[in-house]
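1. Sequence and predicted structure below; questions after.
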Amino acid sequence: MNELAPDERRTRLEELAPELVAELEAEAAAESEERTLSDLPNVEAYEQVRMRLAPNPNGPWHLGHARMPAVIGTYKERYDGWMLCRFDDTDPETKRPDLDAYDAILDAVEYLGFEADEVLRASDRLETYYDHARELIELGGAYTCDLPAAEFSELKNAGEPSPNREKPPEETMAEFEAMVDGEYGAGEMVLRVKTDIEHKNPALRDWVAFRMVDTPHPREEASEYRCWPLLDFQSAIDDQLTGITQIVRGIDLQDSAKRQRFLYDYFDWVYPEVMHWGKVQVDAYDVKMSTSRIAELIEAGELDGWDDPRAPTIASVRRRGIRGEALTEAMIELGTSTSDVDLAMSTLYAKNRELVDDEADRYFLVRDGVERTIIGGPETATPPRHPNHEEQGTREIPVGPGVLIEGEDLPGHGERVWLKGLGCVRHTRDAFEFTGEDIEVVREGEVDVVHWVPTEENVPVTLRTPEGDVEGLAEPGFVDADVDEVVQFERIGYARVDEHGEDGSVAYFAHP
RNA sequence: GCUCGCUUGGUGUAGCCCGGCCAAUCAUAUCGGCCUUUCGAGCCGAUGACGGGGGUUCAAAUCCCCCAGCGAGCACCA
């Protein structure tokens, strides 16, 4: 049996035990669907899988952010769970929220194919955080500290406590209320969680839970608050209150869980399961994938906006006609390993091509065209809309007195070229002379097939690509391609029709 | 400096927890072939990886130790 080829072995097995084959196939199918992401830890322990997206709305999303909804949303579907989108907008200053980003992010989540069951903004929940801080103070788990940051850092690194550490809870409580009332300025007072000042990992020692911020929050509803929680406190409280069971977050937050466990111990709560993943980087972009960097370039006018095709953002690939589903799939395939990963754009493109190809009508677009008079031949060309789908019909291109083809495609004098959908021509005396030859000449490899447009009635097109804008001329019928539709410019690649204007059309290049 | 983590082909990933079925999965990429009036799609094929060194074991990608490389935290950012 082992000497047989796999195919033969299978055939034999089918004869001998058909039920076994079916079983193997079912297993394989289940694996290909499910095994792209590893199982969530300890799912059995909870009634329902409850997860959260916790974006900082300090700007619209770049491509790396897609991983969060892609993975968490996929888990939600797999386990029939629940998903929260919680905006962790507790820093009105350094990572100041961008008021447009809240909706842009929810929109991006939807584009990726998911929807949050609930949406919360941390900046709406300050009173809740204050209440828990008060409770923590009563439990003796926190103290107010007026040491300058640098001074505390020095003590902490030496494993020495702040002189404020043993302050009575009443005093801490009074000072914390003064913080809440805005009686201190930035840097004058913080509330620290009492952990273990001699903990071998210095990152965990007596971390800050609340600090003063002078800058008002951009959301009007939150603009009066001056005493703001830091991520570790806010997120810990919210995860507990919203019943989060599994957390997936970046490796930069790998110590967060360890810090937050001190809090959970004070409150006698059970910490959720945690997974960490590394950074995602994307090849093929000149622009660094960073919210603040992209914002700067837009501000400076070097990018047209978040959806500029040169920007590594979700809005950009969306405008280029890449489906959210393709991005989600690509992100899922990256898995959740803790090492940094590179997303090859070619993988994303391959996924998208698979999704859009069947419906992408074909058009000719000539960049850098050279004009030639045409001698003889039919008056109209009728290439198919889609070579694999005859039922989608053909398109009509009037030939007229001459055609344009790309400079690179121009054959030498006396040489022939096949104008796709039209026929074979010979390049003679700066004209194309129709030869009437059969397609056989192409099949035998003698003649190359090229795309072309008529010199008259063509449509000027600006093709916006990640490498910059390219001007070209499309066949007349291109004006009928619907805006938002993804088409294929033959021999160039897929593009999304963006607009048809008076002076021409605009398309965004997706990928080859 | 202290602490934590990671390292499978060009890229990503599976396998590692519970050692043997792993001469290592799948995808993408590249190259080649078939088909084709596309440099697209489809089909077929090829290329290509367990960071290094020790150890345990009949047997190690998988367990242990050391080294190297990479990343992260030690912020009154998230």
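-> Perfect, I can see it now.
2. who in the stretch 101-250 of chain A is up against RNA strand B?
-> A:146-149, A:152-153, A:156-157, A:186-190, A:200-203, A:205, A:208, A:211-213, A:228, A:230-231, A:250 (C-beta under 7 Å from any atom of the strand). From N, CA and C alone the C-beta is placed, and that goes for glycine too.
3. Tell me where the stretch 1-150 of chain A is predicted with low confidence.
-> Residue ranges of the stretch 1-150 of chain A with pLDDT under 70: A:1-35.
4. That should have said chain A, apologies.
-> For chain A, residues meeting the criterion pLDDT under 70 lie at A:1-35.
5. where along it do the helices fall?
-> A:6-16, A:18-34, A:67-79, A:101-111, A:126-138, A:149-157, A:169-180, A:231-241, A:256-267, A:291-299, A:314-319, A:324-334, A:345-356, A:440-443 (DSSP state H).
6. so what's the nearest residue to A:Leu334 once chain neighbours are set aside up against?
-> Taking C-beta to C-beta, 6 or more residues apart in numbering, and ignoring the residues beside it in sequence, A:Leu334 has A:Val341 as its nearest neighbour in space, at 5.1 Å. Counting by C-beta atoms under 8 Å, 6 or more residues apart in numbering, A:Val341 makes contact with A:Gly278, A:Lys279, A:Val280, A:Gln281, A:Leu334, A:Gly335.
7. From A:Ala178, how far out is A:Pro169?
-> Distance, A:Pro169 to A:Ala178, using C-beta to C-beta, to the nearest Å: 15 Å.
8. Against RNA strand B, how distant is the residue nearest to A:Leu334?
-> For A:Val341, the distance to RNA strand B (C-beta to the nearest atom of the strand, to the nearest Å) stands at 4 Å.
9. Name whatever forms a beta bridge with that residue.
-> Residues in a beta bridge with A:Val341, per DSSP bridges, are A:Val280.
10. Just name the most buried of the helices of chain A.
-> Each of those was scored by mean neighbour count; the highest is helix A:314-319, a mean of 24, by mean count of other C-beta atoms under 10 Å.
11. Alpha carbons of that one, in PDB - could you do that?
-> Extracted as PDB, the C-alpha positions of helix A:314-319 are listed here (Å, rounded to 0.1, in the frame of the first residue of the first chain):
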ATOM      1  CA  ILE A 314      -7.500  51.300   5.800                       C
ATOM      2  CA  ALA A 315      -9.200  54.200   4.100                       C
ATOM      3  CA  SER A 316      -6.600  54.100   1.400                       C
ATOM      4  CA  VAL A 317      -6.900  50.400   0.500                       C
ATOM      5  CA  ARG A 318     -10.600  50.700   0.700                       C
ATOM      6  CA  ARG A 319     -10.600  53.500  -1.900                       C
END
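12. List, one by one, the residues from the stretch 251-400 of chain A near RNA strand B.
-> Residues of the stretch 251-400 of chain A lying close to RNA strand B (C-beta under 7 Å from any atom of the strand) are A:251-256, A:278-279, A:333-344, A:346-347, A:349-350, A:353-354, A:357, A:362, A:383, A:386-388.
13. before we move on, back to that, out of the contacts of A:Val341, which are buried?
-> Buried subset of the contacts of A:Val341 (neighbour count, 16 or more other C-beta atoms under 10 Å): A:Val280, A:Leu334.
14. Where do the strands of the stretch 301-450 of chain A begin and end?
-> Secondary structure of the stretch 301-450 of chain A (DSSP state E, counting those that start in this stretch): strands at A:341-343, A:362-363, A:365-367, A:369-375, A:380-381, A:397-398, A:402-406, A:416-419, A:423-428, A:431-434, A:449-450.
15. With distance to A:Asn164 added, can I get the ones you listed in TSV?
-> Listed next are those as TSV, based on distance: least, C-beta to C-beta, whole Å:
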stretch	distance to A:Asn164
strand A:341-343	43
strand A:362-363	71
strand A:365-367	69
strand A:369-375	76
strand A:380-381	84
strand A:397-398	81
strand A:402-406	74
strand A:416-419	83
strand A:423-428	87
strand A:431-434	87
strand A:449-450	78
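16. among the ones you listed, which is nearest A:Arg86?
-> strand A:341-343 (24.9 Å; C-beta to C-beta).
17. before we move on, back to that, for the contacts of A:Val341, work out which two are farthest apart.
-> Within the contacts of A:Val341, A:Gln281 and A:Gly335 form the most distant pair, 14.8 Å apart (C-beta to C-beta).
18. count of residues packed around the residue nearest to A:Gly393 when sequence neighbours are not counted?
-> Excluding the flanking residues, the one nearest A:Gly393 by C-beta to C-beta, 6+ apart is A:Arg385, at 5.6 Å. The local packing of A:Arg385 (other C-beta atoms under 10 Å) involves 18 other residues.
19. go on, the one 4 residues further on?
-> Residues within reach of A:His389, counting by other C-beta under 10 Å, total 13.
20. show me what contacts A:Val71?
-> A:Leu37, A:Val248, A:Trp277, A:Met331, A:Ile332, A:Thr336.
21. run the last query once more with 10 Å
-> Contacts for A:Val71 (C-beta atoms under 10 Å, 6 or more residues apart in numbering) come out as A:Leu37, A:Met51, A:Leu53, A:Val248, A:Met275, A:Trp277, A:Thr328, A:Met331, A:Ile332, A:Leu334, A:Gly335, A:Thr336.
22. For those residues, give me a markdown table that also has distance to A:Arg429.
-> Shown next, in a markdown table, are these (distance: C-beta to C-beta, whole Å):
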| residue | distance to A:Arg429 |
| --- | --- |
| A:Leu37 | 64 |
| A:Met51 | 71 |
| A:Leu53 | 66 |
| A:Val248 | 68 |
| A:Met275 | 70 |
| A:Trp277 | 64 |
| A:Thr328 | 56 |
| A:Met331 | 56 |
| A:Ile332 | 58 |
| A:Leu334 | 57 |
| A:Gly335 | 61 |
| A:Thr336 | 65 |
